[in-house]
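Chemist: for reference, the sequence and a predicted model appear below.
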Amino acid sequence: MADGWLPGGLPLEMLLPLRETLFESARKAGRPEPEVVVRANVRFTGTRRRPFQGTWAQIEADVAAFRDAGIDEVFLDFVLDDATLTEEGFVERMERAARL
């Protein structure tokens, strides 16, 4: 249907110009601006390397920054973070993420 864009967790400084190019192309084609849903591969690390990696506070700040930049939705994906995580631990992360 080509009515949305699902980029990976690019830094906002890279994502926003790409989004504007996408929106401009949609306008030229007479189409509405597509919805932008960022897939965020969450990883808890001691040092922050990419968006949605680091501590809970850093991840929460990333979600807020993407929201404030006009991103329609952020899909937090915890699957690749910790293969040793128990079901209970995974549920705890999902519950905390839901409060963001």
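Modeler: Okay, I see it.

Chemist: so what are the sheet partners of whichever strand in the chain runs longest and their directions?
Modeler: Taking DSSP state E as the criterion, the chain has its longest strand at strand 35-41. In the sheet, strand 35-41 lines up against strand 4-5 (parallel), strand 73-77 (parallel) (DSSP bridges).

Chemist: how about these in TSV, adding mean neighbour count and distance to Pro11?
Modeler: C-beta coordinates here come from the backbone N, C-alpha and C atoms, glycine included. Formatted as TSV, the strands paired with strand 35-41 follow (neighbours: other C-beta atoms under 10 Å; distance: least, C-beta to C-beta, whole Å):
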stretch	mean neighbour count	distance to Pro11
strand 4-5	15	16
strand 73-77	16	14
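
Chemist: make JSON lines from the ones you listed and add mean pLDDT to it.
Modeler: JSON lines is the format used below for the strands paired with strand 35-41 (pLDDT from 0 to 100):
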{"stretch": "strand 4-5", "mean pLDDT": "89"}
{"stretch": "strand 73-77", "mean pLDDT": "92"}
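
Chemist: just send these back as JSON lines, with distance to Thr84 too.
Modeler: Output for these, formatted as JSON lines (distance: least, C-beta to C-beta, whole Å):
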{"stretch": "strand 4-5", "distance to Thr84": "34"}
{"stretch": "strand 73-77", "distance to Thr84": "17"}
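
Chemist: to Ala97, which of those lies closest?
Modeler: Set against Ala97 and scored by C-beta to C-beta, the strands paired with strand 35-41 come closest in strand 73-77, at 5.0 Å.

Chemist: between its first and last residues, how far does stretch 6-13 reach?
Modeler: 16 Å (C-alpha to C-alpha, to the nearest Å).

Chemist: how about it, which residues are buried there?
Modeler: Gly9, Leu12 (16 or more other C-beta atoms under 10 Å).

Chemist: now that stretch: mean pLDDT?
Modeler: Stretch 6-13 comes out with an average pLDDT of 88.

Chemist: picking up where we left off before, ok, and what's touching the next helix or strand after the longest strand of the chain?
Modeler: Heading C-terminal from strand 35-41, the first helix or strand you meet, by DSSP states H and E, is strand 43-44. Under the criterion C-beta atoms under 8 Å, 6 or more residues apart in numbering, residues Phe52, Gln53, Gly54, Thr55, Trp56, Leu80, Asp81, Asp82 lie in contact with strand 43-44.
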